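**Student:** Please work out how this folds:
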Amino acid sequence: MLLPFLIGLLSNVFILPELTPETNTGVKTLYSIEADVPISGFLKLATNSDENTITSLIDKIDKNWKVRYEIMALETLYFSNDFRVRLALRKLLEKKTQKEIVGNYDRTFQYF
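**Tutor:** Sure thing, here's the model as predicted:
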């Protein structure tokens, strides 16, 4: 539960090295985290933007989607204060992963 918070905090300050299942920090994951993924700057660009900007950014992520973006999208979904950003990311994640994301406004999410 602390991992998404730390990733979000560090990704704003440092360039994160790639994490793989072999070199991870003890958390089992199938995803890589890279500093240059489109989602890493999504929250800053999309928050308080107009609907067209959010839609454009979601489309860009959708077209360039890779499985490793899932963890960044979940982190962004968790930390965003902009409901429109959270709704757009939730729809994208559900579409790409074929998983339902159930949550409420207090940012308690179940992912299955």
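
**Student:** Tell me how many other residues crowd residue 63.
**Tutor:** Applying the criterion other CB atoms under 10 Å, we find 8 residues in the vicinity of residue 63. For glycine as for every other residue, the C-beta is placed from the backbone atoms N, C-alpha and C.

**Student:** Please apply the same query to residue 57.
**Tutor:** Residue 57: 21 surrounding residues under other CB under 10 Å.

**Student:** now it: how far from residue 82?
**Tutor:** Between residue 57 and residue 82 the distance is 12 Å, computed by CB to CB, to the nearest Å.

**Student:** Tell me the secondary structure at residue 61.
**Tutor:** Under the three-state scheme (DSSP: H, G, I helix; E, B strand; the rest coil), residue 61 adopts helix.

**Student:** quick one: it from residue 95, how far?
**Tutor:** Distance from residue 61 to residue 95, by CB to CB: 11 Å.

**Student:** What of residue 82?
**Tutor:** 20 Å.

**Student:** the more surrounded of those two?
**Tutor:** residue 82 (14 against 11).

**Student:** how far away is that one from residue 55?
**Tutor:** Shown here: residue 82 relative to residue 55, a distance of 13 Å by CB to CB.

**Student:** Next: residue 81.
**Tutor:** Residue 81 is 19 Å from residue 55, by CB to CB.

**Student:** Among these two, which residue is more densely surrounded?
**Tutor:** A count of neighbours by other CB under 10 Å puts residue 55 above the other of residue 81 and residue 55, at 14 against 10.

**Student:** Skipping its backbone neighbours, what lies nearest the more buried one in space?
**Tutor:** Leaving aside its sequence neighbours, residue 55 sits nearest to residue 88 (CB to CB, 6 or more residues apart in numbering; 7.3 Å).
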